[in-house]
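Peer 1: attaching a predicted model along with its sequence, questions to come.
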Amino acid sequence: MKRSDINEIMRSADVFIRQRGFFLPPFAYWSLDDWRDKGSEARDIIENQLGWDITDFGLGDFNRHGLFLFTLRNGRPENWETRKGKLYAEKIMIVGDGQVTPMHFHWSKMEDIINRGGGNLLIQLYNATPDGQLDEEHEIVLSVDGVTRTFKPGEILKLTPGESVCLPQYCYHQFWAEGGRTLVGEVSMVNDDQSDNRFYLEVGRFPSIDENEPPLHLLCTDYERYYKF
């Protein structure tokens, strides 16, 4: 992805998020100069990969296969062993009309996916087999806003604004919006995008970037290059 495109996605996303009555934290708007002035007080942001996250999944077409995310809060995977620190995470996402996030599941993370407004969110569902394939035989049983529902393999769940679903580990899902750009919330166990995503087809979780202009704001994957504490 070109850095200029990422910068424009950030600008557009910020406007859309505000229009939906949601607001990002102050560190979202730190400039490169702001980052240069930060010390160890910003360690939590860097270590827990908070902030801007824009990906085309390495497929080179953000509008068809891409996702905008902003991680608002997160802990470390080892917190579940010590029972200390944050054991949860929260993201806000924007899903474009027809923009697909590829089929995947999480090894460790259980998550609630919430339609925060805009269009509808469509989620295609499968269980995973022990060898990581799509289970074409067994139904998927999920909690949709506290109500138990059963889905056939490959069935599509439609979440209208205000609706949510709890997705357990090993539940394959891909999603896209219909009827307009959609603001989507995610509340989950600790998020680990380095090792907890199992994509059905081989894709890249983070994009390669053509640095054709300076960053407007740092992506969570930029921190190692631009910030030292």
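Peer 2: Nice, thanks for sending it over.
Peer 1: who's in contact with the helix ranked longest in the chain?
Peer 2: Ranked by residue count, the top helix of the chain under DSSP state H comes out as helix 3-19. For helix 3-19, contacts defined as C-beta atoms under 8 Å, 6 or more residues apart in numbering pick out 23-24, 28, 52, 54, 62, 68, 70, 92, 94, 181, 183, 209-217, 219. Yep, even glycine has a C-beta here, placed from its N, CA and C like the rest.
Peer 1: so which elements touch whichever helix or strand comes after that helix?
Peer 2: Downstream of helix 3-19, the next assigned helix or strand under DSSP states H and E is helix 32-36. Counting contacts by 3 or more C-beta pairs under 8 Å, 6 or more residues apart in numbering; DSSP states H and E, helix 32-36 is packed against no other helix or strand.
Peer 1: skip ahead from helix 32-36 and say which helix or strand is next.
Peer 2: Later in the chain than helix 32-36, the nearest helix or strand by DSSP H and E is helix 43-47.
Peer 1: in that next one, which residues are buried?
Peer 2: Of the residues in helix 43-47, 45-46 count as buried by neighbour count, 16 or more other C-beta atoms under 10 Å.
Peer 1: give me the mean pLDDT for it.
Peer 2: For helix 43-47, the per-residue pLDDT values average out at 94.
Peer 1: got a list of contacts for it?
Peer 2: Helix 43-47 has contacts (C-beta under 8 Å, 6+ apart) with 27, 50-51, 76, 223, 227, 229.
Peer 1: give the buried subset of those residues as a PyMOL selection command.
Peer 2: Restricted to buried positions by 16+ other C-beta under 10 Å, the PyMOL selection for the contacts of helix 43-47 reads:
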select buried, resi 27+50+51+76+223+227
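Peer 1: filter the contacts of helix 3-19 down to the ones in strands?
Peer 2: When the contacts of helix 3-19 are checked against strands using DSSP state E, the ones located there are 52, 54, 68, 70, 92, 94, 181, 183.
Peer 1: next, give me the two most distant ones among the residues you listed.
Peer 2: 52 and 181 (17.5 Å; C-beta to C-beta).
Peer 1: can you tell me how far the spatially most central residue of the chain is from residue 40?
Peer 2: Centrality entry for the chain: nearest residue to the mean C-alpha point is residue 69, 4.7 Å, by C-alpha atoms, centre = their mean. If you measure residue 69 against residue 40 using C-beta to C-beta, to the nearest Å, the figure is 26 Å.
Peer 1: kindly report the same for residue 23.
Peer 2: Look at residue 23 and residue 40: by C-beta to C-beta, they are 26 Å apart.
Peer 1: for those two, indicate the residue with more neighbours.
Peer 2: Using other C-beta atoms under 10 Å, the more surrounded residue of residue 23 and residue 40 is residue 23, with 11 against 8.
Peer 1: find me the pLDDT at that one, would you?
Peer 2: Predicted confidence (pLDDT) at residue 23: the value is 97.
Peer 1: do residue 229 as well
Peer 2: Turning to residue 229, the model gives it a pLDDT of 66.
Peer 1: what's the answer for residue 207, then?
Peer 2: Residue 207 carries a pLDDT value of 91.
Peer 1: likewise for the one 3 residues further on?
Peer 2: Per-residue confidence for residue 210 comes out at a pLDDT of 96.
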